[in-house]
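Visitor: Got a sequence here, can you model it:
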Amino acid sequence: LSLFIVPRLNEIKEVEKIYFCFPKLDDKSLGKDLNSLSDWSKLEMITDYNFALNLCSKEELIIFIDDVSMGETGTQLMKLGYKVIGGRQIVDKIEVDRQFATDLMSRIMKVPESASFDSWERAIEFVKTNEPEDRLVFKPNDADVPKEYTYLSKDINDMVDAMKQFKTEWKWKEDFQIQRFVKGVEVDFSAYFNGKEYLPDSMMLYFENKPVMNDDIGPATGGSIAVEFARAVEGEFGDILNKLKPLLTKAGYKGQISCNSIVSEEDHKPYFLEFCGRVGYPSFPLDILLIEAQGHTLHDLFKALANEETPSLFAKDRMAAIVAVSVPPFPSKHGVEDTCGQPIDWDRKYDKYFFPSFIMAEKGKMVLAGLSGECLYVTAQSINLPGAIDILYNTHIPTLKLKNAMYRTDCGDSAIKRIKQLREWKLI
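Guide: Prediction:
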């Protein structure tokens with residue numbers, strides 16, 4: 001997904017080469033011939049990161065790991081003396097092993113009542129012991145399981161029916177968590193850690209909606225719409241992040257850490273839901289937008305993290321908004337290969353607000369790579385949220401040239417209500 005960082009690094013004179021490692025040999029279309037385009041000229045797609053290690057010295061190379069499951073690799077490279085952003089074993093474990101994460105985070109913040117199971121039968125029997133009107137959340141303990149299998153039930157019968165259906169479709173290890181639903185306001189808070197300290201003003205308060213359709217209808221995705229703004233690492237959310245510093249320091253971790261929470265309407269306290277030890281999607285484009293609004297670059301962020309510096313990079317006087325754009329058959333993958341070669345373009349004067357993914361080049365033009373119906377993120381930022389939303393929908397998105405483009409049109413509606421409620425509770 002982070003292929004979109006290439007044009008931003010490509011324009012930095014100090015950056016000589018950008019190696020993008022994508023080890024899946026059967027997905028050769030991703031990034032194909034993109035370096036024939038001027039904005040992507042420094043890009044080289046590789047399938048083995050050792051190719052780049054053998055060409056570059058440790059001093060001149062920054063390694064950026066943008067996904068879960070590469071923690072062991074990141075830890076080993078760090079011990080060898082490489083500058084590695086993201087990718088440590090402990091943060092992988094906290095993200096993937098939900099029960100481990102729940103037990104860990106229970107020491108520093110409130111957590112919903114949770115239980116883990118390795119059997120459908122035992123899990124369903126446990127669910128049936130609850131009151132008929134209770135609402136529960138089903139969470140797979142495997143990062144490879146699609147997001148749509150994370151499920152919030154309407155009541156107990158609904159959860160039982162959903163789990164029985166999931167069982168018939170399941171292709172992964174039977175390992176999942178059942179969590180009691182906490183009614184309140186969902187908010188994600190994160191910050192960038194340089195190995196010793198958080199970067200100033202790098203705490204992102206992030207409000208996301210995952211379902212693919214307006215009004216939160218349809219299956220969950222990685223994130224369909226979102227709103228974000230930056231603050232100092234302080235207050236109740238900052239206190240939680242600061243309590244994680246010893247763990248991050250011991251692991252030698254550098255990069256973003258994120259905690260997804262729900263603030264209970266009963267006690268106005270954040271309850272832990274999920275942990276993410278890497279950049280997030282679609283939050284990462286918003287982070288970049290807030291850096292650029294302050295007059296800095298993504299390269300400045302990478303250098304600060306890699307070299308343990310503490311510059312103030314993020315604009316605190318801006319609100320940023322994002323919409324994920326896809327094409328059919330998304331969210332299904334059946335027939336997605338038919339989208340390969342489909343043109344994608346936009347008004348280039350708004351380049352910095354468009355973040356394409358799963359693309360390649362063909363005859364000197366950017367086209368879809370046919371690997372996913374997810375195509376790009378479109379963003380906007382302004383001094384207030386209504387301004388950002390207006391620019392997003394009325395200025396940037398209308399310039400997009402993409403056949404059968406699909407996206408939500410209600411970005412900001414939910415975020416405005418959630419932000420207002422957290423302000424009333426004096427949490428922001």
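Visitor: How about the contacts made by the nearest residue to residue 214 once chain neighbours are set aside?
Guide: Closest residue to residue 214 apart from its sequence neighbours, by C-beta to C-beta, 6 or more residues apart in numbering: residue 410 at 4.7 Å. The way it works is simple: take the backbone N, C-alpha and C, and place the C-beta from them, glycine included. Applying C-beta atoms under 8 Å, 6 or more residues apart in numbering, we find residue 410 in contact with 214-215, 225.
Visitor: Who wins on neighbours among those residues?
Guide: When neighbours are counted by other C-beta atoms under 10 Å, residue 225 leads the contacts of residue 410 with 27 neighbours.
Visitor: ok, what's across the strand from that one?
Guide: residue 209, residue 323 (DSSP bridges).
Visitor: Can you read off the pLDDT for it?
Guide: With respect to pLDDT, residue 225 has a value of 98.
Visitor: do the same with residue 412
Guide: On the pLDDT scale, residue 412 gets 98.
Visitor: So what's the residue count around it?
Guide: Other residues near residue 412 come to 23 when the count uses other C-beta under 10 Å.
Visitor: before we move on, which element is the residue lying closest to it once chain neighbours are set aside in?
Guide: With C-beta to C-beta, 6+ apart as the criterion, residue 412 has its nearest non-adjacent residue at 4.2 Å, and that residue is residue 389. Residue 389 is part of helix 385-391 when elements are defined by DSSP states H and E.
Visitor: Residues touching that helix, excluding its own?
Guide: The contact list for helix 385-391 (C-beta under 8 Å, 6+ apart) reads 227, 318-321, 380-382, 411-412, 415-416, 419.
Visitor: Pick the one among those closest to residue 192.
Guide: residue 320 (15.6 Å; C-beta to C-beta).
Visitor: give me every residue that touches the residue most central in space within the chain.
Guide: In the chain, the centroid-proximal residue (C-alpha atoms, centre = their mean) is residue 280; its distance is 1.9 Å. By C-beta under 8 Å, 6+ apart, the contact list for residue 280 reads 188, 190, 206, 223, 256, 258.
Visitor: Could you look up the SS state of the residue lying closest to residue 111 once chain neighbours are set aside?
Guide: Sequence neighbours aside, residue 272 is the residue nearest to residue 111 in space, at 4.6 Å (criterion: C-beta to C-beta, 6+ apart). Under DSSP: H, G, I helix; E, B strand; the rest coil, the three-state class of residue 272 is strand.
Visitor: got the contact list for residue 272?
Guide: 101-102, 105-106, 109-112, 259-261.
Visitor: Can you turn the buried part of the residues you listed into a ChimeraX selection?
Guide: Buried residues within these, by 16 or more other C-beta atoms under 10 Å, are selected in ChimeraX with:
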select :101,102,105,109,110,111,112,259,260,261
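Visitor: of the contacts of residue 272, closest to residue 267?
Guide: Nearest to residue 267 out of the contacts of residue 272 is residue 110 (C-beta to C-beta; 8.0 Å).
Visitor: ok, the closest one to residue 397 distance?
Guide: Distance of residue 110 to residue 397, given as C-beta to C-beta, to the nearest Å: 39 Å.
Visitor: Over to residue 134?
Guide: Residue 134 is 40 Å from residue 397, by C-beta to C-beta.
Visitor: Looking at those two, which has the bigger crowd around it?
Guide: residue 397 (21 against 14).
Visitor: before we move on, what SS does the more buried one have?
Guide: Under three-state DSSP, residue 397 falls in the helix class.
Visitor: can you list the weak-confidence ranges in the chain?
Guide: Applying pLDDT under 70 to the chain flags the ranges 25-27.
Visitor: ok, now with 90
Guide: For the chain, applying pLDDT under 90 flags the ranges 1, 22-28, 67-69, 96-99, 141-148, 219-222, 333.
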